[in-house]
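Q: Turn this into a structure:
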Amino acid sequence: MTSLHLIRIALAAAISACALPAVAETVVRIGMTAADIPRTLGQPDQGFEGNRFTGNTMYEGLTVWDLSAADKPSEIIPGLATGWAVDAADKTRWTFRLRPGVTFHDGSDFDADAVVWNVEKVLKQDAPQFDASQVGVTASRMPTLRAARAIDNMTVELTTSEPDSFLPINLMNLYMASPAHWRKLYDGVAASVADPKERSKRAWDAFARAASGTGPWKMAGFVPRERLELVRNDAYWDPARRPKVDRLVLLPMPEASARTAALLSGQVDWIEAPAPDSISQIKQRGFVIYANEQPHVWPWQFSRIEGSPWNDLKVRKAANLCVDRDAMRDGLLGGLMVATTATFEKGHPWHGHPTFEIRYDPDSARALMTQAGYSKTRRLKVKVQTSASGSGQMLPVPMNEFVQQSLAECFFDVELDVIEWNTLFTNWRKGAKDDAARGATAINVTYSSMDPFFAMVRFLDSRMAPPVSNNWGFINDPEFDKRVAAARHAFDPAERDRALAALHERSVDEAAFLWIAHDVGPRALSPKIRNFVQPKSWFVDFSTMTIAN
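A: Alright, predicted model coming up:
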């Protein structure tokens, strides 16, 4: 072939390439409610908003939530494990079969050794990769897990401290980070840092800036407090869940008005929790509002330590009867909430048959307060710690001010202690006895009610008091403990449902919380975004959506 012929071929190819239209990168920009990017090293902070944006995107657990449907509750399904079983002779031992052919973003293989490594990063203090900063948001969510052992390359055995039927659910909170990538970073700082703990810390810091999980999205750029950019993982193990959008840009925007303004001005394509008073304007501009009742509760959690005014059942019941939840929904929140009557509503298999009815009945509330020794002239002072914004907090300050004004009609004087969201979340794990509570007798942190542990056990079991888990108020009720054990040790689904219904029934009769709202997860999206599913879940799947140019 002559040189002239080659030049002609090259010229023809260049002309042909120029004739083809350039394919624009598809990008979705999201305004989050968090004030900072949730941690990216594999165990997010910022509550479940962290799991939603930097957990379930870049990482996965052995089990995951099914987020494919909008008309039924989400369920736990196989993730990086294809199946599991508890040992019939020893119900503290579980066998998990792992999914073959999965690789981390750095190209290394996912296997049983990787599972053991990730368990030990939060449970084994003498492991090189142990990271105390990841323990609080992980170990407290799977408190019975004690050890992991590789049986073969694709099978792992997990051991619990007691029989625990909740373990497969808890494990969706343990995200798998790449051991090979971490070791490379660890070895890279070996020459300059002699202390193993400091070397480990620096390796994790570097890992957070160059994350490697197995999820459908990969890190492409990260500026703390400013933005996180994720790109599609074309090598993701499940072809059906490979993202249809090229790039996802996450932007912290804690103020509802700022998020709304960013959406209306075209700075972002999607916002979480739009300002309720802007909903009509958002719709008029052609944006789409998504909402769906979620298993997520907006409560006050009471201190039950010595001297707390909430130790009086009459006071706890009075507070639950003194708030007009329907007025909050229809007025303050523009319909974007569901009024609660408990953690689980009637018809749910875990509701039970409580005798105390949570409703708006201020006359009965005042009667109870009178019986407790309070009146218009002898008022009860209480203090609640809350946040200015944050994951699942909805509109925390206006909502707490509504509750404050409501309770004032029933002889309560409520002081609000408003702090930054991530600080509040950290304080939640420290408990009412800690100085971080700053004298608060209640705390306002929303909680997921998707599963038994998150919905009830971590609050009601006396063994879950800080630092173990989220029994912030140090509830210590032998009957709660008895019913928790019955549910945890029940491996038959029907038996477990009965035990959980009994536990929930008592929590309502004991007015364990001040229940206010179920979130509906409102978000506003550009009309260009299609094929998004808003599930009955706190989490969402970003992989299904498409965007029109």
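
Q: wait, doesn't Trp336 sit right on Pro276?
A: Quick fix: residue 336 is Leu, not Trp. Yes: contact criterion Cβ atoms under 8 Å: Leu336 and Pro276 qualify, at 5.7 Å. Yep, even glycine has a C-beta here, placed from its N, CA and C like the rest.

Q: just for the protein, where's the confidence low?
A: 1-23 (pLDDT under 70).

Q: Now do the strands for the stretch 351-500 of the chain: every range, in order, please.
A: Applying DSSP state E, counting those that start in this stretch to the stretch 351-500 of the chain gives strands spanning 380-387, 412-419, 442-443, 447-448.

Q: Sorry, wrong one. I was asking about the stretch 101-250 of the chain.
A: 145-152, 155-160, 217-223, 227-232, 247-252.

Q: And the ones you listed: which comes nearest Gly42?
A: strand 217-223 (11.4 Å; Cβ to Cβ).

Q: helices or strands up against the closest one?
A: Packing partners of strand 217-223 (3 or more Cβ pairs under 8 Å, 6 or more residues apart in numbering; DSSP states H and E): strand 227-232.

Q: how far is the strand it packs on from where the chain is centred?
A: 19 Å (Cα atoms, centre = their mean, to the nearest Å).

Q: and it with strand 247-252, angle?
A: 160 degrees (axes from the mean of the first three to the mean of the last three Cα atoms, to 10 degrees).

Q: For strand 227-232, which outside residues touch it?
A: By Cβ atoms under 8 Å, 6 or more residues apart in numbering, the surrounding residues in contact with strand 227-232 are 37, 40, 53-54, 57-58, 216-222, 242-243, 245-251.

Q: export it as PDB, just CAs?
A: Output of strand 227-232 as PDB, limited to C-alpha atoms (Å, rounded to 0.1, in the frame of the first residue of the first chain):
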ATOM      1  CA  ARG A 227     -18.300  18.700  45.900                       C
ATOM      2  CA  LEU A 228     -18.000  15.000  45.100                       C
ATOM      3  CA  GLU A 229     -18.000  13.800  41.500                       C
ATOM      4  CA  LEU A 230     -18.800  10.200  40.700                       C
ATOM      5  CA  VAL A 231     -18.700   8.500  37.300                       C
ATOM      6  CA  ARG A 232     -20.300   5.300  36.000                       C
END
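
Q: what is the orientation angle of it with strand 217-223?
A: Computed by the same axes, to 10 degrees, the angle between strand 227-232 and strand 217-223 is 160 degrees.

Q: quick revisit: could you dump the strands of the stretch 101-250 of the chain into CSV and include mean neighbour count and distance to Asn444?
A: Compiled in CSV, the strands of the stretch 101-250 of the chain are given as follows (neighbours: other Cβ atoms under 10 Å; distance: least, Cβ to Cβ, whole Å):
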stretch, mean neighbour count, distance to Asn444
strand 145-152, 16, 29
strand 155-160, 20, 32
strand 217-223, 18, 30
strand 227-232, 20, 27
strand 247-252, 21, 21
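
Q: I'd like the ones you listed written out as TSV, with distance to Pro100 added.
A: Below are these laid out as TSV (distance: least, Cβ to Cβ, whole Å):
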stretch	distance to Pro100
strand 145-152	12
strand 155-160	11
strand 217-223	21
strand 227-232	22
strand 247-252	28
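
Q: Let me know which of those is the nearest to Ala487.
A: Nearest of the strands of the stretch 101-250 of the chain (Cβ to Cβ): strand 155-160, 14.7 Å.

Q: by contact count, what packs against that closest one?
A: Short answer (3+ Cβ pairs under 8 Å, 6+ apart): strand 155-160 packs on strand 93-98, helix 112-123, strand 145-152.

Q: Please name the strands paired to it in the sheet, noting orientation.
A: Strand pairing for strand 155-160, determined by DSSP bridges: strand 93-98 (antiparallel), strand 145-152 (antiparallel).

Q: Dump the C-alpha coordinates for the first one into PDB.
A: If I follow you right, that is strand 93-98. Written as PDB, here are the backbone C-alpha positions of strand 93-98 (Å, rounded to 0.1, in the frame of the first residue of the first chain):
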ATOM      1  CA  ARG A  93     -22.400 -19.100  63.300                       C
ATOM      2  CA  TRP A  94     -23.400 -17.900  59.900                       C
ATOM      3  CA  THR A  95     -22.100 -19.000  56.500                       C
ATOM      4  CA  PHE A  96     -22.200 -16.500  53.600                       C
ATOM      5  CA  ARG A  97     -21.600 -17.500  50.000                       C
ATOM      6  CA  LEU A  98     -19.900 -14.700  48.000                       C
END
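
Q: what's the angle between it and helix 112-123?
A: 130 degrees.

Q: and strand 93-98, how far out from the chain's middle?
A: On Cα atoms, centre = their mean, the centre of strand 93-98 falls 25 Å from the chain's centre.
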